[in-house]
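>>> Below: sequence and its predicted model.
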Amino acid sequence: MSTATFAAGCFWGVEAEFRKVEGVLRTEVGYTGGSTDNPTYQSVCAGKTGHAEAVRLEFDPAVVSYEDLLAVFWRLHDPTQLNRQGPDSGTQYRTAVFFHDDLQEQAARASLDAESASGRHAGPVVTETTSASTWWRAEEYHQQYLANRGQDQCATTIRRS
């Protein structure tokens, strides 16, 4: 089993989409990349902590590769929007790949370079790639938020082929 962490806007829709990927065994939403211990949804949304809303995945690399997960990540959001996705704005909605080891770092940076050079975007890709830092699990009511409400995606989740 391996771990991957991605930020691509509101974590509800991102988590729901990754749950659909074969080989993803577990997902949870939370906060990472900030400077405050024990952040809450309210403090993160107020822009006081520096954390991103993110999704942490446990996956079976024999079933789905990290590179495949990166491909899903790129399809889920607009990586040219700085500190926002759709109507959601603030640094907590930034686009980021939080790598867990040297191999993930290499794959993330290569994937970022390929996405930037792909010609699919009118503007520059602003996704950050950074080492995974302390993970703070979001409040329980955020976990599998859409599934618990009978929904399978957020209105702001972007689907591209």
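Cool, the structure landed.

>>> what's in contact with the longest helix belonging to the chain?
When the chain is parsed with DSSP state H, its longest helix is helix 102-117. Identification of contacts with helix 102-117 by C-beta atoms under 8 Å, 6 or more residues apart in numbering yields 4, 66-67, 70-71, 74, 79, 97, 99, 121, 124-125, 127, 129, 131. Glycine gets a C-beta too; all of them are placed from N, C-alpha and C.

>>> and T27, what does it touch?
15, 18-19, 55-58, 144.

>>> Which pair in these has the greatest spatial separation?
Greatest spatial distance among the contacts of T27 (C-beta to C-beta): E58 and Q144, at 14.3 Å.

>>> So what's the gap between the longest helix of the chain and the chain middle?
15 Å (C-alpha atoms, centre = their mean, to the nearest Å).

>>> Let's see which of the contacts of helix 102-117 end up in strands.
4, 97, 99, 129, 131 (DSSP state E).

>>> hmm, which of the residues you listed are the buried ones?
Neighbour counting by 16 or more other C-beta atoms under 10 Å classes 4, 97, 99 among the ones in strands among the contacts of helix 102-117 as buried.

>>> Spit out the contact partners of the residue lying closest to A122 once chain neighbours are set aside.
In space, and not counting its chain neighbours, A122 is closest to T80: 7.0 Å by C-beta to C-beta, 6 or more residues apart in numbering. Listed by C-beta under 8 Å, 6+ apart, the contact set of T80 reads 121-126.
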